[in-house]
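[1] next one to model:
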Amino acid sequence: MKTKNILLYLLAATLVGCVPSLHSLFTDKNLVFADVFLGLWTSDSANDTWELRRYSDNKDKRYRLIHIDHEKGKHGRFLVTFGKLNDMLFADFYPEDIESDASYFYQCHQLFVHTFGKIEPNDSELVIRMMDPDKVKTLLQNEPNLIKHEVIKDQEDSKIVLTAPTEELQKFVAKYANDPNIFGGGTILKRKIQGPKDPNCTSQKKN
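    Below you'll find the predicted structure:
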(Lines give C-alpha, C1' and ligand atoms only; values in the text may rest on other atoms or scores of the structure.)
Protein backbone atom coordinates (compact mmCIF):
# COMPACT_ATOMS: atom_id res chain seq x y z
CA MET A 1 0.00 0.00 0.00
CA LYS A 2 1.36 3.44 -0.88
CA THR A 3 2.47 5.78 1.90
CA LYS A 4 -0.26 8.30 1.24
CA ASN A 5 -2.97 5.64 1.46
CA ILE A 6 -1.53 4.42 4.75
CA LEU A 7 -1.49 7.96 6.08
CA LEU A 8 -5.25 8.27 5.61
CA TYR A 9 -5.60 6.09 8.69
CA LEU A 10 -3.65 8.60 10.74
CA LEU A 11 -6.67 10.87 10.94
CA ALA A 12 -8.17 8.61 13.57
CA ALA A 13 -4.96 8.69 15.59
CA THR A 14 -4.15 12.39 15.33
CA LEU A 15 -4.34 14.16 18.67
CA VAL A 16 -6.30 17.40 18.83
CA GLY A 17 -3.95 20.36 18.82
CA CYS A 18 -0.84 18.36 17.91
CA VAL A 19 1.33 17.72 14.86
CA PRO A 20 1.76 13.95 14.30
CA SER A 21 4.99 12.40 13.06
CA LEU A 22 5.71 8.91 11.77
CA HIS A 23 9.16 8.93 13.37
CA SER A 24 10.59 9.66 16.79
CA LEU A 25 12.34 12.94 17.57
CA PHE A 26 15.22 11.25 19.40
CA THR A 27 17.98 8.72 19.03
CA ASP A 28 19.36 6.96 22.11
CA LYS A 29 22.19 9.48 22.44
CA ASN A 30 19.69 12.35 22.82
CA LEU A 31 17.75 10.80 25.69
CA VAL A 32 17.88 12.13 29.23
CA PHE A 33 16.26 10.79 32.39
CA ALA A 34 15.72 12.70 35.62
CA ASP A 35 13.82 11.61 38.72
CA VAL A 36 12.55 15.18 39.06
CA PHE A 37 10.00 14.47 36.31
CA LEU A 38 8.53 11.47 38.16
CA GLY A 39 5.28 11.93 40.03
CA LEU A 40 1.76 13.26 39.69
CA TRP A 41 1.15 16.58 37.97
CA THR A 42 -2.01 18.58 37.39
CA SER A 43 -2.66 21.08 34.62
CA ASP A 44 -3.28 24.76 35.23
CA SER A 45 -6.97 24.16 34.46
CA ALA A 46 -7.04 21.36 37.10
CA ASN A 47 -9.22 19.30 34.73
CA ASP A 48 -6.58 16.68 33.98
CA THR A 49 -3.69 14.93 35.65
CA TRP A 50 -0.42 13.62 34.25
CA GLU A 51 1.33 10.77 36.07
CA LEU A 52 4.89 10.06 35.04
CA ARG A 53 6.47 6.79 36.22
CA ARG A 54 9.67 5.00 35.36
CA TYR A 55 8.83 2.61 32.53
CA SER A 56 10.96 -0.31 33.68
CA ASP A 57 14.44 -0.64 35.22
CA ASN A 58 17.04 1.99 36.05
CA LYS A 59 18.76 1.59 32.67
CA ASP A 60 15.60 2.40 30.71
CA LYS A 61 15.27 6.12 29.94
CA ARG A 62 11.60 5.89 29.03
CA TYR A 63 8.69 7.05 31.15
CA ARG A 64 5.14 5.79 31.30
CA LEU A 65 2.55 8.57 31.25
CA ILE A 66 -1.04 8.12 32.36
CA HIS A 67 -3.05 11.13 31.23
CA ILE A 68 -6.54 11.46 32.74
CA ASP A 69 -9.14 13.96 31.58
CA HIS A 70 -11.33 14.13 34.68
CA GLU A 71 -13.93 16.36 33.08
CA LYS A 72 -14.67 13.87 30.30
CA GLY A 73 -13.74 10.73 32.24
CA LYS A 74 -11.17 9.66 29.63
CA HIS A 75 -7.62 8.42 30.01
CA GLY A 76 -4.68 7.54 27.77
CA ARG A 77 -1.43 5.66 28.26
CA PHE A 78 1.78 6.88 26.63
CA LEU A 79 5.45 6.07 26.40
CA VAL A 80 7.36 9.32 26.87
CA THR A 81 10.99 10.14 26.27
CA PHE A 82 12.79 13.38 27.11
CA GLY A 83 15.76 14.51 25.09
CA LYS A 84 17.95 17.52 24.45
CA LEU A 85 18.50 19.33 21.16
CA ASN A 86 20.89 22.31 21.26
CA ASP A 87 20.61 22.32 25.07
CA MET A 88 16.81 22.66 24.85
CA LEU A 89 14.57 20.02 26.41
CA PHE A 90 11.83 18.28 24.43
CA ALA A 91 9.41 15.40 24.96
CA ASP A 92 8.27 12.72 22.53
CA PHE A 93 4.81 11.27 23.26
CA TYR A 94 3.83 7.89 21.83
CA PRO A 95 0.59 5.96 22.53
CA GLU A 96 1.19 2.76 24.46
CA ASP A 97 -1.91 0.84 23.47
CA ILE A 98 -5.31 0.96 21.78
CA GLU A 99 -8.55 1.24 23.71
CA SER A 100 -9.30 -2.21 25.08
CA ASP A 101 -12.90 -2.23 23.82
CA ALA A 102 -11.95 -1.59 20.18
CA SER A 103 -12.68 -4.44 17.78
CA TYR A 104 -9.82 -6.33 16.16
CA PHE A 105 -10.81 -5.06 12.71
CA TYR A 106 -10.83 -1.48 14.03
CA GLN A 107 -7.41 -2.00 15.65
CA CYS A 108 -6.04 -3.09 12.26
CA HIS A 109 -6.78 0.41 10.99
CA GLN A 110 -4.80 2.21 13.68
CA LEU A 111 -1.31 3.55 13.17
CA PHE A 112 0.46 5.06 16.17
CA VAL A 113 2.24 8.39 15.76
CA HIS A 114 4.66 10.56 17.72
CA THR A 115 3.96 14.10 18.88
CA PHE A 116 6.51 16.55 20.25
CA GLY A 117 6.53 19.20 22.94
CA LYS A 118 9.09 21.71 24.18
CA ILE A 119 9.62 21.32 27.93
CA GLU A 120 10.45 24.18 30.26
CA PRO A 121 11.01 22.97 33.85
CA ASN A 122 10.80 25.55 36.61
CA ASP A 123 10.99 24.49 40.27
CA SER A 124 7.75 22.56 40.91
CA GLU A 125 6.26 23.32 37.49
CA LEU A 126 6.62 22.03 33.96
CA VAL A 127 5.53 24.03 30.92
CA ILE A 128 4.73 21.91 27.84
CA ARG A 129 4.53 23.73 24.52
CA MET A 130 3.21 21.49 21.76
CA MET A 131 3.65 22.33 18.09
CA ASP A 132 0.75 24.39 16.77
CA PRO A 133 -0.84 22.40 13.90
CA ASP A 134 -2.38 25.43 12.18
CA LYS A 135 0.84 27.43 12.25
CA VAL A 136 2.88 24.44 11.04
CA LYS A 137 0.40 23.89 8.22
CA THR A 138 0.66 27.53 7.17
CA LEU A 139 4.46 27.41 7.36
CA LEU A 140 4.61 24.33 5.13
CA GLN A 141 2.08 25.71 2.69
CA ASN A 142 4.40 28.68 2.18
CA GLU A 143 7.60 26.61 2.21
CA PRO A 144 6.68 23.02 1.32
CA ASN A 145 10.31 21.87 1.04
CA LEU A 146 11.20 22.71 4.65
CA ILE A 147 10.56 19.15 5.81
CA LYS A 148 9.04 15.98 4.39
CA HIS A 149 5.33 15.75 5.13
CA GLU A 150 1.95 14.74 3.77
CA VAL A 151 -1.23 16.80 3.64
CA ILE A 152 -4.15 14.57 4.60
CA LYS A 153 -7.56 15.90 3.66
CA ASP A 154 -10.80 14.94 5.35
CA GLN A 155 -14.30 16.20 4.65
CA GLU A 156 -13.88 19.54 6.43
CA ASP A 157 -10.18 20.29 6.76
CA SER A 158 -6.66 19.15 6.04
CA LYS A 159 -3.96 18.00 8.45
CA ILE A 160 -0.18 17.84 8.32
CA VAL A 161 1.62 14.58 9.05
CA LEU A 162 5.40 14.77 9.29
CA THR A 163 7.11 11.90 7.47
CA ALA A 164 10.76 12.99 7.75
CA PRO A 165 13.33 10.75 9.48
CA THR A 166 14.65 11.58 12.95
CA GLU A 167 17.69 13.55 11.80
CA GLU A 168 15.57 15.92 9.69
CA LEU A 169 12.99 16.25 12.45
CA GLN A 170 15.67 17.33 14.89
CA LYS A 171 16.92 20.07 12.57
CA PHE A 172 13.38 21.32 11.94
CA VAL A 173 12.39 21.33 15.62
CA ALA A 174 15.63 22.97 16.76
CA LYS A 175 15.25 25.67 14.09
CA TYR A 176 11.76 26.65 15.22
CA ALA A 177 12.03 25.82 18.93
CA ASN A 178 12.05 29.49 19.95
CA ASP A 179 9.42 30.58 17.45
CA PRO A 180 6.27 31.39 19.50
CA ASN A 181 4.14 30.76 16.43
CA ILE A 182 5.29 27.14 16.20
CA PHE A 183 5.82 26.29 19.88
CA GLY A 184 3.37 28.76 21.38
CA GLY A 185 0.90 28.78 24.21
CA GLY A 186 1.71 26.09 26.68
CA THR A 187 0.19 23.89 29.36
CA ILE A 188 1.47 24.51 32.88
CA LEU A 189 1.76 21.39 35.01
CA LYS A 190 2.03 21.77 38.78
CA ARG A 191 3.43 18.99 40.92
CA LYS A 192 0.99 17.27 43.26
CA ILE A 193 3.02 14.25 44.38
CA GLN A 194 6.73 13.49 44.02
CA GLY A 195 6.96 10.12 42.34
CA PRO A 196 8.82 7.09 43.72
CA LYS A 197 11.32 5.17 41.65
CA ASP A 198 8.72 2.60 40.77
CA PRO A 199 8.38 0.77 37.40
CA ASN A 200 4.62 0.38 37.84
CA CYS A 201 2.00 3.05 37.35
CA THR A 202 -0.46 2.72 40.21
CA SER A 203 -3.06 5.37 39.43
CA GLN A 204 -4.55 3.59 36.42
CA LYS A 205 -4.37 -0.12 35.63
CA LYS A 206 -5.06 -1.64 32.25
CA ASN A 207 -8.38 -3.43 31.90
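
[2] where does this protein have low pLDDT?
    1-17, 98-102, 155, 195-207 (pLDDT under 70).

[3] ok, what's across the strand from the spatially most central residue of it?
    In the chain, the residue lying closest to the centroid (C-alpha atoms, centre = their mean) is Phe93, at 2.9 Å. In this entry, Phe93 is beta-bridged to Val80, Thr115, by DSSP bridges.

[4] residues in contact with Leu89?
    Taking C-beta atoms under 8 Å, 6 or more residues apart in numbering, we find Leu89 in contact with Val32, Phe82, Gly83, Lys118, Ile119, Glu120, Pro121. C-betas here are computed from N, CA, C, even on glycine.

[5] quick check, the first one in contact with Lys84.
    I take that to be Val32. Yes. Contact criterion C-beta atoms under 8 Å: Val32 and Lys84 qualify, at 5.8 Å.

[6] stretch 158-176: which residues count as buried?
    Lys159, Ile160, Val161, Leu162, Thr163, Ala164, Thr166, Leu169, Gln170, Phe172, Val173, Tyr176 (16 or more other C-beta atoms under 10 Å).

[7] how long is it from one end to the other?
    Distance between the boundary residues of stretch 158-176 (C-alpha to C-alpha, to the nearest Å) amounts to 22 Å.

[8] the one helix or strand Trp50 maps to: which residues count as buried?
    Using DSSP states H and E, Trp50 maps to strand 48-54. Within strand 48-54, the residues that count as buried by 16+ other C-beta under 10 Å are Asp48, Thr49, Trp50, Glu51, Leu52, Arg53, Arg54.

[9] if anything else comes up later, I'll come back, but that's it for now.
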